[in-house]
Every structure is written in structure tokens, then in C-alpha cells.
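Colleague: based on what follows, work out the 3D shape:
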Amino acid sequence: MMDSMSRPITEFCLDLYKKLNRNAEDTNIVFSPMSISVALALIHLGAKNNTAAQIEKVLHVRKAAGRMSLGSDHESAAPVMEPEGSLESQSSSSECNKEGDLNHKVFQELLLQLQNLGEKYILTLANNLFMQQGFELRQQFLMCSKELYGAMLQTVDFHGAVEAARRKINAWVESETQGKIKELFAPGVIDGHALLVLVNVIYFKASWEHKFEEEKTVQRDFKLNQNRKKPVQMMYQKGKFKLGYIEEIESTITYENLMMWASSEAMFETTVEVYLPRFKLEGTFNLNQVLQEMGMTDIFTESKVDLSAMTFAKSLVLSNVVHKAYVEVNEEGTVAAAGTGASIARRSLPLTEVFMANHPFLFFIRHNPTNTITFFGKLCSP
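Modeller: Residues are numbered from 1 along each chain as shown. As a prediction, the model looks like this:
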């Protein structure tokens with residue numbers, strides 16, 4: 001069942017990567033497809049009709065034979081709307097899993113599994129909605145957003161005291177990420193006309209199963225492009241690892257390819273000399289525009305929005321969706337992401353392979369038990 005989330009999250013990941021990567025020639029990118037999917041599911045909890053259907057489409061989830069299923073081609077991913085009056089038998093365990101094609105219980109289980117990774121990991125994922133005061137909310141939505149997603153909706157006064165609202169959001173983010181993400185919104189970034197702002201942050205730190213020894217870290221050149229290079233601290237270790245060669249390039253990434261490349265059949269275990277740069281990545285995105293391009297338009301449009309499962313007000317629109325992911329990779333482990341790009345390796349001595357990450361590469365971190373891509377990114381300049 002958990003595995004059922006792996007495909008939609010990956011499909012969403014690749015859609016989003018292509019959009020974010022359009023104008024990012026030499027720019028580092030890092031985001032968490034899993035975390036953003038959860039944030040959109042939280043919004044879906046308050047949405048109805050076409051507004052909800054568009055979120056389902058963007059997230060690649062639709063119903064088949066009564067369970068979560070995964071539409072890969074975009075057109076068929078639009079769900080059939082059920083008539084308003086239809087009553088589905090609610091499962092007795094919770095009244096929070098509303099009808100529609102997005103199974104909130106599956107998201108909740110995934111979250112529980114990911115946030116219970118043991119001592120070797122810290123994974124902090126936080127979602128919250130900040131709403132202009134004066135809107136009345138439905139108790140059911142407040143209860144379910146807390147039960148399923150741990151979200152405690154907060155009211156602020158964007159219109160009358162936007163600076164105080166900004167400080168309140170930043171303070172919440174800082175406390176949720178143990179002080180790692182300090183000023184999510186710089187002064188002047190939040191609009192005084194905002195009504196509803198969705199904030200989604202994720203912070204990850206883990207230790208390597210095979211640690212790099214600090215004294216083996218050496219300075220090497222990282223090729224930024226054909227003509228430019230810069231010196232970086234390159235971590236080094238030699239050990240038995242799984243390795244694979246892929247001739248294709250990033251333009252060919254599909255869900256099927258990614259699964260195939262990352263499967264154990266595509267890799268062989270051998271002795272590898274690994275050179276990986278130390279890096280820190282932070283990605284902050286306002287996702288309004290890309291989500292609209294992906295099909296989520298109604299929720300941002302006053303004449304079309306339907307958030308009637310969240311509020312009694314007709315005019316509450318989503319003003320901003322902001323995502324921040326924080327990643328650091330060092331000898332001890334990763335604070336949020338570990339990178340491998342298989343095209344980097346070049347064959348050297350017959351017995352030892354060399355994996356030298358000395359030019360731009362794609363990386364992702366996957367939670368193997370559920371096959372969930374928690375982080376995806378591109379490192380162009382460490």
C-alpha cells in the first residue's frame with residue numbers, strides 16, 4: 001500500500017523538476033517532492049469539486065477499483081467528479097478521509113513512517129497554513145488537518161500588520177526546523193493582500209552508512225561548464241558499492257527510467273573509489289506559477305476557487321505556496337541529501353572503478369522501504 005505513493009510522488013517530482021529547471025542553466029536546485037505532495041494534500045483536504053480535481057491531477061493520483069492508483073498520462077488523470085449528494089461509506093476509523101481520489105490515510109502513513117527513521121536520521125517536515133484573520137473555518141477541516149498532517153492553522157493579519165505576520169511565519173519555521181531555517185521570508189516578500197499562505201519546509205540530516213574520513217578530503221577542480229572550473233573540497237573513500245552506467249542524459253528521465261536506473265538489476269557491486277564534493281544546498285521556491293502551469297489554476301482564482309471544505313467564505317483563495325528544502329553533505333553524512341549521478345564514473349584500472357563527481361550532477365535521496373523520493377536536485381556549483 002505504501003508503495004502506491006512512490007509512483008505519483010516520482011511523476012510529480014519529474015514534472016516539477018522540468019519546470020524548475022527551465023531557467024536554471026547553471027543554478028543549483030533542490031526540493032522535496034514528497035514534502036510538497038504532502039503540502040498539496042493538506043490543501044486538498046479543504047478543497048472541493050474542480051479545485052480538488054486539479055490538485056489530484058497535479059499529484060498524479062486518481063481512483064481505480066477503490067484504491068489509490070496512479071495516472072501516468074496527464075489527460076486521463078483528471079478524475080470523474082461524483083455528484084454532490086453521493087454518500088460514500090466512511091471508514092469508521094476516521095471521518096477525515098473524505099471521498100475523492102486522494103487517499104489522505106496513505107499520506108498520513110507515509111509521514112509516520114518517514115518521521116520514524118531511528119537515531120541515525122533527523123527528518124523534519126512541517127506544513128502550515130497562515131490565513132488572514134476574519135475568515136471562519138470549519139471545525140472538521142481544523143480537526144482533520146491536525147490529525148492527518150499535524151498542521152495547526154494560524155491566523156495572522158496580512159492586511160493590517162504584514163510585518164508581524166512575516167515574523168510570526170518565520171519564527172514558526174525556525175522552531176519547526178530546530179533553528180536550521182531562519183529567515184524563510186525576507187522583509188517585503190509577503191504581500192499585504194495575501195489571504196492564505198501555505199508554508200512547507202523540510203530539513204534532513206543523516207549519517208553515511210560508510211563514512212568519509214576527513215583527512216582524505218582533497219581539493220580538486222569541479223568543472224562548472226566547458227570553460228569554467230572552481231576548486232572544491234572533494235571527499236574520498238574506497239569501498240564496495242553498487243554502481244551502474246547510464247548513457248542517457250537528464251532529458252530522458254521518466255518514472256520508468258528512474259526506477260530502472262535505481263534498481264539493483266541495473267547495478268553491480270564492485271570496489272569503487274568515490275570522490276564526492278562537500279556541499280550545502282538550500283532551495284526556496286514560490287510554487288504559485290509552476291502549480292498553475294501544471295493545472296492547479298482554480299485555487300488561485302477568486303471566481304473559481306472552491307475551498308468550501310475549509311471555510312464558509314466564498315472568496316478565500318490561495319495566495320502563496322512556499323517550499324524550502326535544506327541539504328548539507330559532509331564527511332559524517334548528509335544534512336538533507338546525498339548525490340550520485342551514474343554518468344560521472346569513468347573506467348580506470350580493471351579492478352577498481354572511479355566515481356568522480358567533478359561536474360554538474362543530478363542526485364536524489366530515496367526512502368527505500370517505501371520507494372519514496374524525499375529529495376531531488378541538481379548540483380551545478382558546490
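Colleague: for residue 361, which residues make a bridge with it?
Modeller: Beta-bridge partners recorded for residue 361 (DSSP bridges): residue 379.
Colleague: ok, residue 121 next?
Modeller: residue 206.
Colleague: how many residues are close by it?
Modeller: Using other CB atoms under 10 Å, residue 121 has 16 neighbouring residues. Backbone N, C-alpha and C define where each C-beta goes, glycine included.
Colleague: which ones are touching it?
Modeller: 204-206 (CB atoms under 8 Å, 6 or more residues apart in numbering).
Colleague: who wins on neighbours among these?
Modeller: residue 204 (27 neighbours).
Colleague: show me what the helix or strand where residue 173 lies is packed against.
Modeller: Of the helices and strands defined by DSSP states H and E, residue 173 is found in helix 162-176. Packed against helix 162-176, as judged by 3 or more CB pairs under 8 Å, 6 or more residues apart in numbering; DSSP states H and E, are the following elements: strand 121-132, strand 154-156, strand 196-207.
Colleague: switch the contacts of residue 121 over to a markdown table; also include pLDDT.
Modeller: As requested, the contacts of residue 121 are exported to a markdown table (pLDDT from 0 to 100):
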| residue | pLDDT |
| --- | --- |
| 204 | 80 |
| 205 | 76 |
| 206 | 73 |
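Colleague: and these, which is closest to residue 7?
Modeller: residue 204 (21.9 Å; CB to CB).
Colleague: sorry, back to before: for the helices and strands packed on helix 162-176, give me CSV that also has distance to residue 290.
Modeller: CSV is the format used below for the helices and strands packed on helix 162-176 (distance: least, CB to CB, whole Å):
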stretch, distance to residue 290
strand 121-132, 18
strand 154-156, 25
strand 196-207, 14
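Colleague: out of these, deepest packed?
Modeller: Of all the helices and strands packed on helix 162-176, strand 196-207 has the most neighbours on average by mean count of other CB atoms under 10 Å, namely a mean of 23.
Colleague: now the element after that one, going C-ward?
Modeller: strand 218-223.
Colleague: strand partners of that following strand, parallel vs antiparallel please.
Modeller: strand 229-243 (antiparallel).
Colleague: neighbouring contacts of the strand it pairs with?
Modeller: Applying CB under 8 Å, 6+ apart, the set of residues contacting strand 229-243 is 210-213, 216-224, 264, 267-279, 330-331, 342, 345, 352-353, 355, 357-358, 381-382.
Colleague: wait, residue 272 sits on residue 244?
Modeller: No. At 11.2 Å, residue 272 does not count as touching residue 244 under the criterion of CB atoms under 8 Å.
Colleague: how near is residue 22 to residue 196?
Modeller: Per CB to CB, to the nearest Å, residue 22 is found 27 Å from residue 196.
Colleague: my bad, should have said residue 288
Modeller: Taking CB to CB, one finds residue 288 at 12 Å from residue 196.
Colleague: quick one: residues contacting residue 367.
Modeller: 34, 113-114, 374.
Colleague: so can I have TSV of the residues you listed showing pLDDT?
Modeller: Converted to TSV, the contacts of residue 367 look like this (pLDDT from 0 to 100):
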residue	pLDDT
34	92
113	85
114	83
374	90
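Colleague: nearest to residue 320, of the residues you listed?
Modeller: Closest approach between the contacts of residue 367 and residue 320, by CB to CB: residue 34, at 20.4 Å.
Colleague: doesn't the closest one lie inside a helix?
Modeller: Yes. Assessed with DSSP: H, G, I helix; E, B strand; the rest coil, residue 34 lies in a helix.
Colleague: right, and it touches residue 8 too?
Modeller: No. Using CB under 8 Å as the test, residue 34 is too far from residue 8 to be in contact (10.4 Å).
Colleague: ok, the two, which is more surrounded?
Modeller: residue 34 (30 against 26).
Colleague: ok, the more buried one to residue 217 distance?
Modeller: In terms of CB to CB, residue 34 sits 30 Å off from residue 217.
Colleague: again with residue 376
Modeller: 26 Å.
Colleague: show me which of the two is the more surrounded one.
Modeller: residue 376 (28 against 20).
Colleague: for the spatially closest residue to residue 287 that is not a sequence neighbour, give the beta-bridge partners.
Modeller: Closest residue in space to residue 287, ignoring its immediate chain neighbours: residue 321 at 4.3 Å, by CB to CB, 6 or more residues apart in numbering. Following DSSP bridges, residue 321 is listed with bridge partners residue 198.
Colleague: quick check: residue 321 touching residue 284?
Modeller: No. Counting by CB under 8 Å, residue 321 stays clear of residue 284, with 11.8 Å between them.
Colleague: how's this protein carved up into domains?
Modeller: 2-84+92-206+281-327, 208-277+335-379 (automatic domain parsing).
Colleague: pick the most deeply packed of those.
Modeller: For the domains of the chain, the highest mean count by mean count of other CB under 10 Å goes to domain 2-84+92-206+281-327, at a mean of 18.
Colleague: where along the stretch 201-350 of the chain do the helices fall?
Modeller: 255-262, 288-293 (DSSP state H, counting those that start in this stretch).
Colleague: what packs against the last one?
Modeller: For helix 288-293, the packing partners by 3+ CB pairs under 8 Å, 6+ apart come out as helix 6-21, strand 320-329.
Colleague: which of those has the lowest average pLDDT?
Modeller: For those, the weakest mean pLDDT is recorded on strand 320-329, namely a mean of 86.
Colleague: CA-only coordinates of it in CSV, if you can.
Modeller: Output of strand 320-329 as CSV, limited to C-alpha atoms (Å, rounded to 0.1, in the frame of the first residue of the first chain):
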residue,chain,number,x,y,z
ASN,A,320,1.2,31.7,-1.9
VAL,A,321,2.7,28.2,-1.8
VAL,A,322,6.3,28.4,-0.5
HIS,A,323,8.6,25.5,-0.2
LYS,A,324,12.1,25.3,1.3
ALA,A,325,14.4,22.3,1.4
TYR,A,326,17.7,22.3,3.3
VAL,A,327,20.5,19.9,2.4
GLU,A,328,24.1,19.5,3.6
VAL,A,329,26.6,16.8,2.6
